[in-house]
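Chemist: Fold the following for me, if possible:
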Amino acid sequence: MKKILLTLLLTGFAFAQVEVAVTYKYIEDITEKIAGELVHIKTLSKPKEDPHFVMARPSLIAKLRNADLLILNGGHLELGWLPPLIRRANNSKVFEGSEGFLDLSHSINMIEAHHSVSRADGDVHPDGNPHFILDPYNVPIIAKAIFEKLSSLDTSHQKVYKKNYEEFKENWDKKLIAWDKKMRPLEGRKVIQYHKSFDYFLKRYKMELLDTIEPIPGISPTSKHIIALIDKIKSEKSPLLIMHDVYHNRKPAKLISAKTNLKIIDVPHDVDAVEEANSIENFYNTIINGLVK
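Modeler: Numbering: from 1, shown residues only. Predicted structure coming up:
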């Protein structure tokens, strides 16, 4: 009987899933592609929420308390809501600097770093723009960081993680070629956006940000700023468009559109932020198809 119980216990431990908490849906999707059924993932935010200001619900504390691994976007994107949850969960496995803590921003060369920050600059991130998931070329970098972390935590399944990562990267490289080809006609196209959410995407595909609807990051637009922006748009001779996220107020964009005839394109900031963006692949398909049609 003791041998049977020991066998059952060992079998149970051998197939125990790694409990993973992630901050955003895109991290969940990439992690699932690397780990499959070897992990059990709980996502802390909802796809349509402003990623800067996620509602710190009590249920999120339990998700962190039971986690073996926490994967976050980083770059101060979660600074306003995640640290208090980690403190209240009191799970040493996922404290910053622990083996079960993975900050994806540490693997990315972030753009727009600010060496000095003041209140006059608005809600800027000193380490750089944290919306790096908008560049599809960053996805294999993120996938590699997740593969390496899971391999170090769950050494018995290193080969599985490695195989899944290599297959994922091979398929992703093919998608990048196709997306590059689709986006080539939009090189040089000027864009208005509400917040500086899509700068990585614009930089990757050589599009140009004319201005933002926010006067400075995190500050709602004033009438004066909107009027000045409309005048600026009217003075432009090249075609423009408005790329708009799903969580900011659309009224200013609609007013600008009405005065300038600019098309508003709804752009997801995360997987599942819009219905069509139901995977990391379709996240980019949705953005690119919306722009090129």
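Chemist: Now His225. Nearest residue, chain neighbours left out?
Modeler: If you skip the residues right next to it in sequence, His225 has Pro215 as its closest partner in space, 4.4 Å away by CB to CB, 6 or more residues apart in numbering. Bear in mind the C-beta positions are built from the backbone N, C-alpha and C, glycine included.
Chemist: Let me see the confidence value for the one you found.
Modeler: On pLDDT, Pro215 comes in at 93.
Chemist: How about Leu82?
Modeler: For Leu82, pLDDT reads 97.
Chemist: And for the one 4 residues further on?
Modeler: The model reports Ile86 with a pLDDT of 97.
Chemist: For the residue nearest to His225, the count of nearby residues, please.
Modeler: Using other CB atoms under 10 Å, Pro215 is surrounded by 17 other residues.
Chemist: So it sits against Pro221, correct?
Modeler: Yes: taking CB atoms under 8 Å as the definition, Pro215 is a contact partner of Pro221 at 6.1 Å.
Chemist: for the biggest helix by length in the chain, packing partners?
Modeler: With secondary structure taken from DSSP state H, the chain has its longest helix at helix 158-183. Secondary-structure packing of helix 158-183 (3 or more CB pairs under 8 Å, 6 or more residues apart in numbering; DSSP states H and E): helix 25-35, helix 139-153, helix 280-292.
Chemist: quick one, it and helix 25-35 angle?
Modeler: Counting by axes from the mean of the first three to the mean of the last three CA atoms, to 10 degrees, helix 158-183 lies at 130 degrees to helix 25-35.
Chemist: Sort out which residues of helix 158-183 are buried, please.
Modeler: Buried residues in helix 158-183, defined by neighbour count with 16 or more other CB atoms under 10 Å: 160-161, 164-165, 168, 172, 179, 182-183.
Chemist: And for stretch 137-154?
Modeler: By neighbour count, with 16+ other CB under 10 Å as the criterion, the buried positions of stretch 137-154 are 138-151, 153-154.
Chemist: Run the chain-centre distance for it.
Modeler: Put simply, stretch 137-154 sits 15 Å off its chain's centre (CA atoms, centre = their mean, to the nearest Å).
Chemist: residues contacting the residue positioned nearest the centre of the chain?
Modeler: To find the centre residue of the chain, average its C-alpha atoms and take the closest one (CA atoms, centre = their mean): that gives Ile133, at 4.5 Å. When the contact criterion is CB atoms under 8 Å, 6 or more residues apart in numbering, the partners of Ile133 are 24, 26, 73, 139, 142, 200, 270.
Chemist: Looking at those, which two lie furthest apart in space?
Modeler: Put simply, by CB to CB the two of the contacts of Ile133 set farthest apart are Tyr24 and Tyr200, 14.9 Å from each other.
Chemist: can you pull out the helices in the chain?
Modeler: Going by DSSP H, the chain shows helices at 2-14, 25-35, 58-65, 82-89, 139-153, 158-183, 199-204, 223-234, 251-260, 280-292.
Chemist: what sits up against the fourth one?
Modeler: Outside of helix 82-89, the residues within contact range by CB under 8 Å, 6+ apart are 23, 44, 54, 56, 60-62, 64-65, 67, 70, 72, 94-96.
Chemist: List only those of those flagged as buried.
Modeler: With neighbours counted using 16+ other CB under 10 Å, the contacts of helix 82-89 contain these buried positions: 23, 44, 54, 56, 60-61, 64-65, 67, 70, 72, 94.
Chemist: Does Phe132 touch Val139 like I think?
Modeler: No: in this structure, Phe132 sits apart from Val139 without contact. The criterion is CB under 8 Å, and the distance is 9.8 Å.
Chemist: quick one: buried residues of stretch 188-196?
Modeler: Judged by neighbour count using 16+ other CB under 10 Å, the buried positions of stretch 188-196 are 189-196.
Chemist: And the contacts of helix 82-89, which is the shakiest by pLDDT?
Modeler: pLDDT across those is lowest for Ala56, at 88.
Chemist: From the contacts of Ile133, pick the one nearest Leu240.
Modeler: Proximity of these to Leu240, judged by CB to CB, is greatest for Tyr200, which lies at 19.7 Å.
Chemist: Check the spacing between the closest one and Glu167 real quick.
Modeler: When CB to CB, to the nearest Å is the yardstick, Tyr200 and Glu167 sit 25 Å from each other.
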